[in-house]
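**Student:** coords please:
(2 chains)
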2 protein chains.
Amino acid sequence: MTGNEALSADLYQLTMLQGYHQQRMDDIAVFELFIRKLPACRGFLVAAGLEQAVDYLRNLRFTPADLDWLSGTGFFKAEFLQWLRHFRFTGDVHAMPEGTVFFPDEPILRVTAPISEAQFVESRLINIVHFQTLIASKAARSVLTAPGKTLVEFGFRRAHGGEAGIFAARAAYLAGFSGTATLGAGRRFGIPVFGTMAHSFVQAHPSESEAFEHFARANPDNTVLLIDTYDTEGGAQKAVELASRLKSSNIPIKGVRLDSGDLADHAHKVRRILDAGGLTGATIFASGNIDEYTLARLQSAEAPIDGYGIGTRLDTSEDAPYLDCAYKLQAYAGIPRRKRSEGKATWPGVKQVYRRFDADGLLAGDTITLAEIPCAGRPLLKEVMRSGARVEPLPSLVQIREYAKDQLSRLPAGLRTLSDAAAYPVQVAAELRALTERMDKETLPR
Amino acid sequence: MTGNEALSADLYQLTMLQGYHQQRMDDIAVFELFIRKLPACRGFLVAAGLEQAVDYLRNLRFTPADLDWLSGTGFFKAEFLQWLRHFRFTGDVHAMPEGTVFFPDEPILRVTAPISEAQFVESRLINIVHFQTLIASKAARSVLTAPGKTLVEFGFRRAHGGEAGIFAARAAYLAGFSGTATLGAGRRFGIPVFGTMAHSFVQAHPSESEAFEHFARANPDNTVLLIDTYDTEGGAQKAVELASRLKSSNIPIKGVRLDSGDLADHAHKVRRILDAGGLTGATIFASGNIDEYTLARLQSAEAPIDGYGIGTRLDTSEDAPYLDCAYKLQAYAGIPRRKRSEGKATWPGVKQVYRRFDADGLLAGDTITLAEIPCAGRPLLKEVMRSGARVEPLPSLVQIREYAKDQLSRLPAGLRTLSDAAAYPVQVAAELRALTERMDKETLPR
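**Tutor:** Numbering: from 1, shown residues only, chains lettered A, B, ... in the order given. From the prediction side, this is the model:
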């Protein structure tokens, strides 16, 4: 996405690779990607971004221009750069399917590859998976809060750069949104696009009525009118008046949009105006600093709003703008490894996550265990790449969305709340605890 | 950056353009980009992103593939799509130079162009300028808090997508950081790159000492050792031991990095170990969830730390993940326009910002006024594009950085604090207030 994907990496990846290369260290390493802990305002997370992560790994290579630039930095020896010319990702990847609900400490993606490859991909892998997971997890909260409403991702302009806007649209759609306002996301991912008009369109016309009519005649199949530029209820009245003028042209008013003020209050008044004017089929769409908390208030006010544009606060994950996401070495040359840095210690070894369900099919508990020691439940990490290639086509975005819907339907009530979510039981298997203790004893005196 | 820049736009831009096109509305519009209000934890903002904004405008065009896709959406008439084939940005742009300190309601960028062009570019212009401004404004706070320290942008992995990582590096450098860890930002913008090793490098070796030695021999000019994988002070001791082993090879230990625990406490202890071991020239670099607030605490603890890696909290602007940024129609066909939506009303007309300085050269006050009515002080918006082309080459990133440094040096003491910043006096000129009142009277009964 940045035009030079191989350089979407930290310098230290390459200084380390230069070290591995010089020592001919090329045994198999296992790295796992996981979230250390939940933000205070999250009860669960939704895995996303795997498709772009796999694309990145499949296409990874240094272009001659990349290598020229690296050479000019002075950090690297010619022989090492020569070796980088043929650098490819040839490893295996196991991952939770996109849309899977998961919890802290659970690996959601595992890379098994010669150490240079597994190490090098760290920065961009996290960059891709962290952000989409962040947004899918946030979007799922709106989906749970306003079931049956049309939710549209509206945040491109205040997303953090172009890729964030496009990825946020994908992650939100995956989590159950109906679509996006962003053309580029529609084109790249086939997500339905929604959109109508801005205030400037109204302001550029001598009157609101003329603006509405011009818009309707130019967009006869998509006439949703933004009615709050001057006065919301006045705008609704003009929409009603326009409807009768348009009858002979057979152009329906599909709906109106509110973008400011007390949305519940305006929606009630506007609904009455539309209904009294015979526009019972016209929908009310609302936008303007909306997030799951606003949605909850509007839902309890029984605001007659049919759909929402959810932008900035979703695309920036305003209440939790990052996850404590890490990608750590868990084994090298067949030997488990453990980082012990204060507050950042990891569970060592190659791991798998098993999930149990209750009689109603709801999530009942997970166990993190060593991959070689199966336990009760359904394993969540599946093989997605082998020797640098996909083992089978990844699911389509629509399939992922269906799967995510099923996942969200299996959340127990305690995890569906917007705050004070119940703690979900994630056990660490006895074997994994034993390994950890053994490793600490063996390495402590080092 | 997303491969199809013209589609880095909201659908509604094109449905509106279809309306303008059908009505042959093509008079000149003036849009201004500004921030409605400061986040609670900001006293000032730093303008950034203009170079990428100008590049976007200069290169804007729909590819045949874009138009094919748009045609397939069903929203657009063939004749309109035909017209889009030749769509270019032919307008003028005035803007505050990158690095300029500014305040709410002050336009930082003004577009003057046929309405379709000025309207269409809204989404991507905001997307570019908002994010870099967000990050430059945050980065400036660290620069002011830790003068003389080496600050390195470290946040690519948790930035919101690839472009955010690259843009954050640029914005931080512009605001006074020394460089970035991200190779792609180094390549694209010529920013100095910094980096050493991760914990995984240490963990992959049988012992920390071997890891350090391998790294040093592979990177003899860039030997900075990460010493907290197992035990920070133990790591420092191993760095000292390595230094004597490396003496015969003439490889110096440039420094060590701390990444966990109580950084001030560790830094004091590590400094003593290094000094006692004769490594008085080795620097201490610290990282791990650092932001300007952490920096302030470490500075007051007089932690002997020479440089900082500042990542996630900077790249996500964690304490204020977005600015209330808008791009609004202020005039059309020579007539001022005003949006009056509740809580979102704008100052109408084509505006300029004038700044006054006190006897010491510090910022003393700004006035927002109509561009046609000059007032005392220095005008901040300069012409950067005319008829779709740059009027002169934009300053280099190094020049921008120098200018930003000068700007920050002119901040009065009340604006330099991390919290409870003094309110900076921004006046709205009497003529502008009078215009606003006149417009409200004229349009209210509409």
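
**Student:** contacts and neighbour counts: CA atoms only from here.
**Tutor:** Fine.

**Student:** quick one, phi psi at A:Val193?
**Tutor:** Phi and psi for A:Val193, reported as degrees, to the nearest 10, are phi -110, psi 140.

**Student:** With the one 4 residues further on instead?
**Tutor:** For A:Met197, the backbone dihedrals are phi -150, psi 160 (criterion: degrees, to the nearest 10).

**Student:** Three-state assignment for the nearest residue to it once chain neighbours are set aside, please.
**Tutor:** Using CA to CA, 6 or more residues apart in numbering or on different chains and skipping residues adjacent in sequence, the residue nearest A:Met197 is B:Tyr12, 5.2 Å away. Secondary structure for B:Tyr12, judged by DSSP: H, G, I helix; E, B strand; the rest coil, is helix.

**Student:** what's the pLDDT at B:Tyr12?
**Tutor:** At B:Tyr12, the predicted lDDT confidence score is 97.

**Student:** Kindly report the same for the one 3 residues further on.
**Tutor:** With respect to pLDDT, B:Thr15 has a value of 96.

**Student:** ok, and A:Ile128, which helix or strand is that part of?
**Tutor:** Per DSSP states H and E, A:Ile128 falls inside helix A:122-145.

**Student:** can you give me the offset of that helix from its chain's centre?
**Tutor:** 3 Å (CA atoms, centre = their mean, to the nearest Å).

**Student:** State the next helix or strand along the chain beyond that helix.
**Tutor:** Toward the C-terminus, helix A:122-145 is succeeded by strand A:150-153 as the next helix or strand (DSSP H and E).

**Student:** Can you see whether whatever helix or strand comes next after that next one contacts chain B, counting any residue in it?
**Tutor:** Once the chain leaves strand A:150-153, the next helix or strand it forms, by DSSP H and E, is helix A:162-174. Yes. Judged by CA under 8 Å from any CA of the partner chain, helix A:162-174 comes into contact with chain B through A:Gly162, A:Glu163, A:Ala164, A:Phe167.

**Student:** farthest-separated two in the residues you listed?
**Tutor:** Maximum pairwise distance among these (CA to CA): 8.7 Å, between A:Gly162 and A:Phe167.

**Student:** Of these two, which one has the most company?
**Tutor:** Ranked by neighbour count (other CA atoms under 10 Å in any protein chain shown), A:Gly162 and A:Phe167 place A:Gly162 first, with 31 against 27.

**Student:** I figured the more buried one hits B:His160, correct?
**Tutor:** No. In this structure A:Gly162 lies outside contact range of B:His160 using CA atoms under 8 Å: 9.5 Å.

**Student:** Mind listing the shared neighbours of these two?
**Tutor:** The contact sets of A:Gly162 and B:His160 do not overlap (CA atoms under 8 Å, 6 or more residues apart in numbering or on different chains).

**Student:** count of residues packed around A:Glu437?
**Tutor:** By other CA under 10 Å, the residues close to A:Glu437 number 11.

**Student:** One more: the one 5 residues further on?
**Tutor:** Under the neighbour criterion other CA under 10 Å, A:Glu442 is assigned a count of 10.

**Student:** Send me the helix holding A:Ile128 as PDB with only the CA atoms.
**Tutor:** Taking Å, rounded to 0.1, in the frame of the first residue of the first chain, the C-alpha atoms of helix A:122-145 are listed here in PDB:
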ATOM      1  CA  GLU A 122       7.000  -8.300  12.300                       C
ATOM      2  CA  SER A 123       6.400  -4.600  11.700                       C
ATOM      3  CA  ARG A 124       4.000  -4.900   8.800                       C
ATOM      4  CA  LEU A 125       2.200  -7.900  10.100                       C
ATOM      5  CA  ILE A 126       1.300  -6.200  13.300                       C
ATOM      6  CA  ASN A 127       0.500  -3.000  11.400                       C
ATOM      7  CA  ILE A 128      -2.100  -4.800   9.300                       C
ATOM      8  CA  VAL A 129      -3.600  -7.100  11.800                       C
ATOM      9  CA  HIS A 130      -3.600  -4.700  14.800                       C
ATOM     10  CA  PHE A 131      -5.500  -2.000  13.000                       C
ATOM     11  CA  GLN A 132      -8.200  -4.100  11.400                       C
ATOM     12  CA  THR A 133      -8.700  -6.100  14.700                       C
ATOM     13  CA  LEU A 134      -8.900  -2.800  16.500                       C
ATOM     14  CA  ILE A 135     -11.700  -1.500  14.200                       C
ATOM     15  CA  ALA A 136     -13.600  -4.800  13.800                       C
ATOM     16  CA  SER A 137     -13.600  -5.100  17.600                       C
ATOM     17  CA  LYS A 138     -15.000  -1.500  18.000                       C
ATOM     18  CA  ALA A 139     -17.500  -1.900  15.100                       C
ATOM     19  CA  ALA A 140     -18.900  -5.100  16.600                       C
ATOM     20  CA  ARG A 141     -20.000  -3.100  19.700                       C
ATOM     21  CA  SER A 142     -22.200  -0.900  17.500                       C
ATOM     22  CA  VAL A 143     -23.600  -3.900  15.700                       C
ATOM     23  CA  LEU A 144     -24.600  -5.500  19.000                       C
ATOM     24  CA  THR A 145     -26.000  -2.200  20.300                       C
END
